[in-house]
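In: The following comprises the amino acid sequence and a computationally predicted model.
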Amino acid sequence: MLKFKGCQHFRQRLVCSTLSGRPIRIDDIRAADPESPGLRDFEASFLRLLEKLTNGCVVEINETGTSLRYRPGVVVCGSGLVHDCGSSRAIGYFLEPLLVLGLYGKKPLHITLRGITNDPTDPGVDTVRTVTLPLMRKALGLDDGLELRVVSRGAAPGGGGEVVLRVPIVRQLSPIKMEDEGMVKRIRGVAYSMKVSPQMTNRMVDGARGVLNSLLADVYVFTDAATGAMSGTSPGFGVTLVAETTSGALIGAEACAAKQAGGDTEEAGPGPQVPEEVGVAAAHLLLEEIKRGGVVDGGHQGLFLLLCALGPEEANSLRLGPLTPHAVRTMRHIRDFFGVTFALRPEPASGTLFATCVGADVRNVSRRVT
């Protein structure tokens, strides 16, 4: 049994435990917090989601919620699943683990998730739909079955959004070789709004284009002004931008208005508040990610390092920008659970590095052999 301390990378530890079949124990979960020690409601919600996806898993939590034992079961998945993600974290918090676990299910995954679709903390559903899924299709050779459909949008704090995720099953992953980052040839994006004036989307587009058009002519941002039942229960707006390179790499960035609910006395939270500022902030974030280099942005480093480690016993390689703290901890978990280590070879000229590993050849034992 592997032992960990603290609440960091809670989802990743559970996902790696499930895929490797190794039980884990996590102690001192916010034990130093005198007001609210132990698991948060969104972490308990993720555990309930795991129980829906697997068969035979055992979860033991002590009275204070500061210690957890998890014995993984068999990933089953299936269709007709529904999960309420709550209002503490966005749907994006639950999507990344589902994209990995769904590949190793006994049946293809078809699940409806309800909650907050876009917030400043977690990846928005537009980023997953326009960046994560196309990159996974390209890296793993998935032609069909990987899809995310946004039924309705929901902003924090009320939520009310709904998405439908479909993930196909695989026997084993294909080797990943993504080393050519290419040059940016066009930028696309989605400006969305919920329960506010549709003019907000156009103002965000103007803010983003004001920064990007001085560098690139081919910039097009779609607008999606959700109203009525399609707009959830709280007002909000934001923009997601995607830079596509000549080699097919996708670099994403997003920004949304950060507000704290307070009824008539609504107070502005940290971050941009005016639509033009949101557009400018997203454009600057995108330019920073492009400057970092690599075939994926910082938010996707951990996911693709994990996919490399799960791949076949041959060389899997990625070109990445400077490693994020999340990516570094991901490599440590990959070493602990799968015994896979990465060779890092920096390229000073571009400021990037090549991460290469021999995969653990994790196979889907549940899938029927035809």
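Out: Right, received. Where do you want to start?
In: How are the helices of the stretch 201-350 of the chain distributed by residue range?
Out: Read by DSSP state H, counting those that start in this stretch, the stretch 201-350 of the chain holds these helices, from start to end of the chain: 275-292, 301-310, 325-338.
In: deepest of those helices, which one?
Out: Ranked by mean neighbour count, the helices of the stretch 201-350 of the chain are led by helix 301-310 with a mean of 25 (mean count of other C-beta atoms under 10 Å). C-betas here are computed from N, CA, C, even on glycine.
In: and the helices of the stretch 201-350 of the chain as TSV, adding distance to residue 231 and mean pLDDT?
Out: Listed next are these as TSV, based on distance: least, C-beta to C-beta, whole Å; pLDDT from 0 to 100:
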stretch	distance to residue 231	mean pLDDT
helix 275-292	16	94
helix 301-310	29	94
helix 325-338	32	94
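In: Between those helices, which one is closest to residue 195.
Out: For residue 195, the closest of these is helix 275-292, at 14.2 Å, according to C-beta to C-beta.
In: what about the helices of the stretch 201-350 of the chain, which gets the closest to residue 219?
Out: So among the helices of the stretch 201-350 of the chain, helix 275-292 is nearest, using C-beta to C-beta, at 9.2 Å.
In: can you tell me which residues contact the nearest residue to residue 324 once chain neighbours are set aside?
Out: Distance criterion C-beta to C-beta, 6 or more residues apart in numbering; nearest residue to residue 324, sequence neighbours excluded, is residue 298 at 4.6 Å. Residue 298 sits next to 289, 292, 321, 324, 327 when contact means C-beta atoms under 8 Å, 6 or more residues apart in numbering.
In: next one: residue 238
Out: 118, 124, 191, 192, 204, 254, 255, 256, 257, 278, 282.
In: What about those, which are in strands?
Out: Taking DSSP state E as the definition of strands, those contribute 191, 192, 254, 255, 256.
In: and of the residues you listed, the nearest to residue 18?
Out: residue 254 (28.4 Å).
In: Now do the contacts for the closest one.
Out: Here residue 254 is in contact with 118, 123, 124, 126, 127, 238, 239, 240, 241, 282, 285 (C-beta under 8 Å, 6+ apart).
In: any idea how far it lies from residue 348?
Out: 30 Å (C-beta to C-beta, to the nearest Å).
In: Now do the SS call for residue 131.
Out: helix (DSSP: H, G, I helix; E, B strand; the rest coil).
In: That one: how many residues sit nearby?
Out: 25 (other C-beta atoms under 10 Å).
In: cool, the one 10 residues further on as well?
Out: For residue 141, the number of neighbouring residues by other C-beta under 10 Å comes to 12.
In: Might one say that it is in contact with residue 173?
Out: No: Residue 141 sits out of contact with residue 173 when judged by C-beta atoms under 8 Å, with a separation of 9.1 Å.
In: Helix or strand with the lowest mean pLDDT in the protein?
Out: strand 267-268 (a mean of 41; mean pLDDT, DSSP states H and E).
In: Domains in the chain, by residue range?
Out: Domain assignment for the chain by automatic domain parsing gives 1-73, 184-292, 296-358.
In: Tell me how far the closest residue to residue 235 other than its chain neighbours lies from residue 20.
Out: In this structure, residue 235 finds its nearest non-sequential neighbour in residue 195, 4.1 Å apart by C-beta to C-beta, 6+ apart. The gap separating residue 195 from residue 20 is 44 Å, by C-beta to C-beta.
In: With residue 115 instead?
Out: Taken as C-beta to C-beta, the span from residue 115 to residue 20 is 29 Å.
In: what does residue 288 give?
Out: 34 Å.
In: Now do the contacts for the nearest residue to residue 192 once chain neighbours are set aside.
Out: In space, and not counting its chain neighbours, residue 192 is closest to residue 224: 4.4 Å by C-beta to C-beta, 6+ apart. Contact analysis of residue 224 by C-beta under 8 Å, 6+ apart lists 153, 190, 191, 192, 193, 201.
In: Could you do residue 216 as well?
Out: Counting by C-beta under 8 Å, 6+ apart, the residues that residue 216 touches are 184, 186, 187.
In: quick one: pLDDT of the first one?
Out: Translated: residue 184. With respect to pLDDT, residue 184 has a value of 93.
In: so how many other residues sit close to the closest residue to it other than its chain neighbours?
Out: Closest residue in space to residue 184, ignoring its immediate chain neighbours: residue 243 at 4.9 Å, by C-beta to C-beta, 6+ apart. Number of residues near residue 243 (other C-beta under 10 Å) recorded here: 24.
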